[in-house]
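[1] following is a predicted model, sequence given first.
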Amino acid sequence: MTKQQITTAILECAEKLGRVPTYNELAKLAGVSRRVVRRQFGTYTRALRECNLERKGGGRKVEMEDLFKDWADVVRKLKKLPTLFEYEELSKYSQAPLMSRFGTWSRVPRGLKQYAEEKNWSGDWRDVLGMIEAGKQSTGDRAVWQERAISLDKAAWQGPADVKPMSGPLILRDRPMYGRVMRPYPLICGPVNEMGVVFLFGARAEELGFLVLRIQTEFPDCEALRMVDEDRCQLVKIEFEHESRNFLKHMHKASECDLIVCWKHNWPECPLEVIELRKILTTEQK
């Protein structure tokens, strides 16, 4: 399905409904799947912008009360805290108003919980606030200790002798972080950024069935020949990411790329093929 066909379908749905259609309404009324929209536009919000449409709230500041109630409705629909991608699909708004207020998506639940408590809404939204609290506790004592350790100015534990860290070693602020040690690969520690992924892929490309033709700073990062059988190969366009969902954060167009090579695959809805180096190398080590 082309971009033009998708935008036409969105506009026809909008005319029929008298408002901007939700993702689910577009799929139901026009048969346009989420996968198709992601492949052509990356997100539904971008597809709406292409049609000169905005979901409710576009062009004006959305009030916190509206943001909380909308987010909480999504929580109730899913019966869990939404990922950024789930929120983009089910919300009346884009993720931008929440991100501008809280900085990162992981801070959104705690910030909204605090807002609801200040408004004395605990009774009306008890189920939602309970899920937020359960989600925070599920991170475990280790995450709590690490967050506390990172905030320390000194490089070593200075507390009383009978007070021990909850679990795990202290994380020192003045030292770099390395990935898990790997052997016998040319990059001895797992990548912690995109450049590490580029290096590791280059070192193992031929074994993975690729012959690299070009590495560039523009999107997509790489052009390579991919062996499809013993006698034939095809040209493919590759984007490197440390985490696959960074492809969406960087606002790349899926229609202009063939596959993502990453260290960690954490974008289950990705419309492209993903090669997760971490999984391949971990399997080889066993």
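    Looks like it came in fine. Residues are numbered from 1 along each chain as shown.
[2] now Ala30, nearest residue through space, not along the chain?
    Nearest residue to Ala30, sequence neighbours excluded (CB to CB, 6 or more residues apart in numbering): Ala9, at 3.9 Å. Just so you know, the C-beta spots here come from the backbone N, C-alpha and C atoms, and that holds for glycine as well.
[3] now for the helix or strand that neighbour falls within, which elements pack on it?
    Assigning secondary structure by DSSP states H and E places Ala9 in helix 3-17. Helix 3-17 sits against helix 23-30, helix 34-41, helix 44-50, with contacts defined as 3 or more CB pairs under 8 Å, 6 or more residues apart in numbering; DSSP states H and E.
[4] so what's the residue nearest to Ala30 up against?
    By CB atoms under 8 Å, 6 or more residues apart in numbering, the residues touching Ala9 are Leu26, Ala30, Val32.
[5] so which of those residues comes closest to Pro82?
    Closest to Pro82 out of the contacts of Ala9 is Leu26 (18.8 Å), distances taken as CB to CB.
[6] quick check: Cys262 is in a strand.
    Yes - the assignment for Cys262 (DSSP: H, G, I helix; E, B strand; the rest coil) places it in a strand.
[7] which ones are touching the residue most central in space within the chain?
    With distances taken as CA atoms, centre = their mean, Arg245 lies nearest the centre of the chain, 3.9 Å away. For Arg245, the contacting residues are Phe85, Asn266, Trp267, Cys270, by CB under 8 Å, 6+ apart.
[8] now with 10 Å?
    For Arg245, the contact set (CB atoms under 10 Å, 6 or more residues apart in numbering) comprises Thr83, Leu84, Phe85, Ile260, Cys262, Lys264, His265, Asn266, Trp267, Pro268, Glu269, Cys270.
[9] again with Ile275
    Contacts of Ile275 (CB under 10 Å, 6+ apart): Phe201, Leu208, Gly209, Phe210, Ile238, Ser244, Leu259, Ile260, Val261, Cys262, His265.
[10] need the max-distance pair from the residues you listed.
    Greatest spatial distance among the contacts of Ile275 (CB to CB): Gly209 and Ser244, at 19.3 Å.
[11] looking at the two, which is more packed in?
    Legend: neighbour count by other CB atoms under 10 Å for Gly209 and Ser244, higher for Ser244 (22 against 13).
[12] quick one: contacts for the more buried one?
    Counting by CB under 10 Å, 6+ apart, Ser244 has contacts 260-268, 270, 272, 274-276.
[13] from Leu277, how far off is it?
    With the distance defined as CB to CB, to the nearest Å, Ser244 ends up 11 Å from Leu277.
[14] got any residues that touch both of these two?
    What both Ser244 and Leu277 touch, as defined by CB under 10 Å, 6+ apart, is the set Val261, Cys262, Trp263, Lys264, His265.
[15] give me the domain ranges for this structure.
    Annotated domains of the chain cover 3-50, 64-137, 143-175, 194-285 [automatic domain parsing].
[16] so which of the contacts of Arg245 are in helices?
    Leu84, Phe85 (DSSP state H).
[17] CSV for the contacts of Arg245, including distance to Glu65, neighbour count and pLDDT?
    Below are the contacts of Arg245 laid out as CSV (distance: CB to CB, whole Å; neighbours: other CB atoms under 10 Å; pLDDT from 0 to 100):
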residue, distance to Glu65, neighbour count, pLDDT
Thr83, 23, 16, 86
Leu84, 21, 18, 80
Phe85, 24, 20, 74
Ile260, 38, 27, 97
Cys262, 38, 27, 96
Lys264, 36, 18, 94
His265, 37, 18, 94
Asn266, 32, 13, 92
Trp267, 31, 22, 92
Pro268, 32, 10, 88
Glu269, 30, 14, 88
Cys270, 34, 21, 91
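[18] picking up where we left off before, nearest to Phe41, of the contacts of Ile275?
    Once CB to CB is applied, the member of those that ends up nearest Phe41 is Ile260, at 16.7 Å.
[19] so the closest one touches Ile238, yeah?
    Yes - at 7.4 Å, Ile260 and Ile238 qualify as touching, with contact defined as CB atoms under 10 Å.
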